[in-house]
Each structure stands twice: as structure tokens, then as C-alpha cells.
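Colleague: heads up, no residue letters with this:
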């Protein structure tokens, strides 16, 4: 029943509204339907006390109900005791032979009071209503042995009043269940929508990633096919090597491995070795998490430097306390610039050797 | 020859032993391999017991590195060059902690092995590029504080495998590069457990004026 008592949820909101309506019904019944018989028939003095207690119970309940808050257990307990007490008192103050008759103003009203107090505790409500009914019947019997006609009339009144109240209770439960189901469906729909949006985003990223890789590859292939580019040309070969490295790195990017950065660097090295290059790969320090886009920026200079190398290259990946550094020292270099401010790229030439390094500060 | 360096090679592969012996003997001046075997006993018996340097394969027929044997050798004052198949930073640092003078991977060539053996014979450390990478990537709490220049030298040496290149890039001489690397190793020798080789290394560095007594 957590969903019902929790005023935060949709079902809780619906229940709070139902309780408000029920409270309105009680107030109208007390002053519209119960007050006239109380005035028109000669009741004992206890009747007015009972009327006051019931009115007070309505007022106290209103403090929480109007603010759409669940009734505290203490209020419910005290309320139930007060209402039952008032019921006994009112029935006791009835004029003779008025049980379950037109003058019995409290019987139906008490039922509605109990409904307001215990609408969220169905088991308890049925029990307390049973107790209420039992008290009325005992008082009815104690007031003098009833005749068969009187018993019949009383039965009709009891049946009429309780079945109407039970009907309202049933309606409340149905409404609540529907509200809860509707809320669940709404949440599920929202979740599905989020998942769909995520999947779409992922697919878009994937397409963009491939387009990024293929962006240089497709025109290159087209130019080679059209004979615009000469495969013997040094620059063409370098561009092809770069495209191959880029693609290989892109494929490696989506592999599930414990050390993705090393995996991608190794992929670049692999392509270079296939090209006949002698590459040594050295790794220092243990793996640290590196975001995908940073990995891309760290490995891009490696791809460029390796595709420019002629015979040998040394690739190193170092993870120190505060940074990740990927360096290529090769016999020929190609200028590489930084793509973003996150990854610092440097390219220097010392005699025959060119050193390309990408650094990313982890802190 | 009194000043000829002698070495004992412990490795479970005969081809590796033969290769190491050949590399060492073709050094200039040559290093003599006085004993070799697949078991660490060879370093304790006969000619092996008197060899200047022990070249120890860390994986002798089993998956567990023989760190216990390394510790016993070092405690006996032997100068050990660890020669391992695996480039494992953690194991490398552990070997240095135990007092090995060098940790060399088999991927690193003859030149490093000869230099490491010769340095070890003199009680000096040798830091090959892969070990430099392990030291630069050391994120342990106990690691010594290195100066900016020392870190630079360590990283550049790891990245380039060429001291000439490091010297040219940083605008210093090759011997300065070497003394930076040696100072780093002394800083490492000063932390953690004590070992005769580490003490000798520090004493040697003070003698050479590489560090002052105040630095300790």
C-alpha cells in the first residue's frame, strides 16, 4: 500500500482527491441530512454531544485531508475511537423505537466517517464497520425486544446504508488501481522513449564515427579508381597508410578490452607492421580510464606519425601519476596539430628523428 | 685477466644461455660467462659462486617468478641483473626493491644486456628504457620524489630508447643523462627494504660525488 499512502505518487494524488471528496460528503451529510432529524425528533442530551464529536472529527481530519496529506496513525486511531463512541452515545440518546428509523441520524453518518478515516486501510475499515454495526444491533436489541416488522425495516436500512458505502469503497479501490497502472504505464513509456533516444544517439555517433574515418578514405579510393592519384606517389602511399591506420583504429575502438587505449595504439602499430615497418611498442604504468573522444585524440597523432614513417618507429604509451603520454619516434615525420585543448600535441624534429607526442592530463 | 668481468647465466632455455654468452663475449671488452645452468644452484657452486654478476631469468620453468632466489642472492651480496621475458612493471619494481641492479626484458637487445652486466660488475645500476617506463609509471605511495628534470630524462629515455636523442632534446650531455638515471636509481635504493647491493650503490654514488651525504 506504499503507493497509496505515499502522496508523492500519482495513485497517492488520486487517493488524496478521493478522500477530499469523501470528507465533503461527510460534511454535507452531517449538516444536510443528519441535522434535520436531530432537530425534529426528541433526542436525549447525549445526541448533541455525539453531533459535536462527529463535527470535530470532520474538522480535525480536514486539517490533513485538505492539505492532501495522509492522516497520521494517531489521528486515525483517536478518530475511530471518537466516532464509535459518538455512535454509541447518539444511538443511546435516541427516542424509543427509533432504531434504524428516520430519527436515527447517526447510523449512516458514522459509516461515512469511518470511510474517510480508514479508506486506505480496507481490512481495518471492514472490521471497524462490523464493530459499529454490532454495537448498533446490540443497542437495538437491548432497547426492547424488537418485533419482526421492526427487524425487517432495520435490515433494509442497514443493507441500504452499508451497501452504498461498500460500493463507494469498491469504487475508490478501482480508481486507485487504475491510477497506479496508468502511472506504471507512463513510467514504462518514458523509459522506452529514453532507450529509443539513446539507441538513436548511439547509432548516430557510430555513423558519425565511421563517416569521420571514411571521410578521408572514400575520396581517396575514388581518386585511386579514377586514376587521379598515382599509387607510386609517396604522398598517395602515405595517405593510404593513414586511412588504413584510421580504419583499423576505428574498428578497435568498439572492442571490449581491459585497456582500450593500449588496444587502439596496438592496432595502429599492427597496421604499420603490416606495411613492413619495424615498430617497437613500449608500455609504462598501469591502465587508467580514458574517455573515448580523448583516446581518439591521443591515437590520431600516432596514426599520422606511423603512416609517415619509412622504416622504423618506436611507439610508447606511458601512464604516470598525472598524465597519459603517447609518443612516436620515427625516421620521418608529418606535422600534426592538436585537435582540442584537452590533448596537447607536440611534434619536433632532431636530425633524422621526429618525435610526435600527445599528452593528456588526467587531473 | 684480473679486470675481466665474469658472469653466471641462470636461464631454463639452453638457447637463451648460449645467446647471452655469445652477446656478452662479443662485448668490448668481452665478458666471460664462467658458468650457466637452468637452476639457480649454478650461481652458488664452483665457478658460478665467484662470478661478478648473476644474470637471472625470473621464470625458471614455472609461472611464479623466483623472487625468493633473487632475495637470497642479493642478501649474499651478489650483483644480479634480472633478465625476464615479461615486461611487468610491478615485478620490475619489486626486483629493484629486492636489490637487483637491473631489470631487463628479453625484448631489449644485446647492447642493453652488455651495458647492464658491465654496470652491475661495478656495483652500478643500469636502467634500460622499459625499466625507465616502469619507474615513470610508478604510482605507488612509497615512490621517491623525483625532480622535474629527472622525470623528463626518465620519460624521454623510455620514449626514445636513445640517450643521444634525450641529450639533444634536453640540451644536456649524454653523461648528464646517465647521472640523472643513476640518481633516480639511488633514490629508489634509499626507500623500502635494505640490501647490500643498494647500500653499495649509495656508497658508490657518494664516492663519485653524484649525491652528497646531506641528500640522504
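Modeller: Nice, thanks for sending it over. Since we're looking at a predicted model, the values are computed, not measured.

Colleague: Could you pull up phi and psi at residue B:77?
Modeller: Torsion angles at residue B:77 (phi, psi; degrees, to the nearest 10) stand at phi 80, psi 10.

Colleague: Any idea how many residues pack against it?
Modeller: Residue B:77 is flanked by 13 other residues according to other Cβ atoms under 10 Å in any protein chain shown. Using the backbone N, CA and C atoms, a C-beta is placed for each residue, glycine as well.

Colleague: ok, the nearest residue to it once chain neighbours are set aside - contacts?
Modeller: Spatial nearest neighbour of residue B:77, chain neighbours left out: residue B:196 (4.5 Å); criterion: Cβ to Cβ, 6 or more residues apart in numbering or on different chains. Residues in contact with residue B:196 (Cβ atoms under 8 Å, 6 or more residues apart in numbering or on different chains) are B:74-75, B:77, B:99.

Colleague: which parts of chain B sit against chain A?
Modeller: Residues of chain B lying close to chain A (Cβ under 8 Å from any Cβ of the partner chain) are B:87, B:89-90, B:107, B:129-130, B:132-134, B:136-139, B:151, B:155, B:158-162, B:165, B:168-169.

Colleague: Turn the buried ones among those residues into a named PyMOL selection, would you?
Modeller: Buried members of the residues of chain B next to chain A, defined by 16 or more other Cβ atoms under 10 Å in any protein chain shown, are picked up in PyMOL with:
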select buried, chain B and resi 87+89+129+130+132+133+134+136+137+138+151+155+158+159+160+161+162+165+168+169
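
Colleague: how close does the residue nearest to residue B:77 sit to residue A:42?
Modeller: In this view, residue B:196 and residue A:42 are 117 Å apart by Cβ to Cβ, to the nearest Å.

Colleague: any idea how far residue B:140 is from residue B:97?
Modeller: 10 Å.

Colleague: At the geometric centre of chain B, which residue do we find?
Modeller: In chain B, the centroid-proximal residue (Cα atoms, centre = their mean) is residue B:102; its distance is 1.2 Å.

Colleague: confidence score at that one?
Modeller: At residue B:102, the pLDDT value in this model is 92.

Colleague: Same check on residue A:235?
Modeller: At residue A:235, the predicted lDDT confidence score is 85.

Colleague: ok, and it, which helix or strand is that part of?
Modeller: helix A:234-253 (DSSP states H and E).

Colleague: May I see the buried residues of that helix?
Modeller: A:236, A:238-250, A:252-253.

Colleague: Tell me both backbone torsions, phi and psi, for the residue of chain B most remote from its centre.
Modeller: Distance from the centre of chain B peaks at residue B:171, with 26.2 Å (Cα atoms, centre = their mean). With angles defined as degrees, to the nearest 10, residue B:171 sits at phi 70, psi 40.

Colleague: gap between it and residue A:351?
Modeller: Relative to residue A:351, residue B:171 is positioned 14 Å away (Cβ to Cβ).

Colleague: Could you look up the SS state of residue B:81?
Modeller: Under DSSP: H, G, I helix; E, B strand; the rest coil, the three-state class of residue B:81 is strand.

Colleague: Report how many residues lie close to it.
Modeller: Neighbours of residue B:81 (other Cβ under 10 Å): 25.
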